[in-house]
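# got a structure for you, letters missing:
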């Protein structure tokens with residue numbers, strides 16, 4: 001678990017550093033503010049379009065950081081006995097599951113703020129942006145889309161072996 005966290009934390013931090021450098025600020029409000037408007041009148045100024053490889057690296061490393069499939073080796077939830085899940089029931093099990101989903105939501109919120117323009121719609125000519133409820137709706141839809149991808153990947157990809165996990169983190173994501 002410790003080796004996995006260190007391996008993927010480096011790649012995720014490096015991808016976030018590109019966004020911080022582009023916005024010239026560590027503040028999330030300033031990072032989101034730097035993503036308002038469009039390029040050429042129709043391409044949103046999101047960091048997703050400015051740094052697509054950084055977004056991909058950040059999102060994949062976020063999967064590994066939250067120990068979700070295909071990076072769920074510390075939990076071994078997909079094994080025959082279902083890992084540590086057999087030892088807990090009732091409220092303890094519910095708290096563990098809620099903690100995992102809170103981690104997913106936190107990473108999706110951070111990814112939305114860093115790469116998807118936060119509360120900005122990205123299309124100011126088509127979608128109104130002035131009212132705070134619109135910003136909340138755009139933000140919620142983006143977070144929900146990322147959570148959908150989280151759940152979709154969990155249902156479609158097999159788990160990595162440990163050597164593949166380390167190889168992908170150190171020789172794949174970090175150099176990219």
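Noted; the coordinates are in hand. Note that the coordinates shown come from a computational prediction; the quantities given were computed from them, not determined experimentally.
# the chain: strands as residue ranges?
For the chain, applying DSSP state E gives strands covering 38-39, 43-44.
# isn't residue 53 up against residue 175?
No - taking contacts as CB atoms under 8 Å, residue 53 lies outside contact range of residue 175: 11.4 Å. C-beta coordinates here come from the backbone N, C-alpha and C atoms, glycine included.
# if we can go back for a sec, out of the strands of the chain, flag the one nearest residue 71.
strand 43-44 (29.4 Å; CB to CB).
# returning to what we had before: of the strands of the chain, flag the one that's most buried.
strand 43-44 (a mean of 16; mean count of other CB atoms under 10 Å).
# how far off centre is that strand?
21 Å (CA atoms, centre = their mean, to the nearest Å).
# likewise for stretch 118-125?
So, by CA atoms, centre = their mean, the centroid of stretch 118-125 is 20 Å from its chain's centroid.
# need the contact partners of that stretch.
Contact with stretch 118-125 is made by 28, 31-32, 35-38, 41-42, 44-46, 112, 127-129, 134-136, 138-139, as judged by CB atoms under 8 Å, 6 or more residues apart in numbering.
# now this structure, which segments are flagged as low pLDDT?
73-86, 124-130 (pLDDT under 70).
# okay if I get the strands of the chain as JSON lines plus distance to residue 12?
Shown next, in JSON lines, are these (distance: least, CB to CB, whole Å):
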{"stretch": "strand 38-39", "distance to residue 12": "26"}
{"stretch": "strand 43-44", "distance to residue 12": "23"}
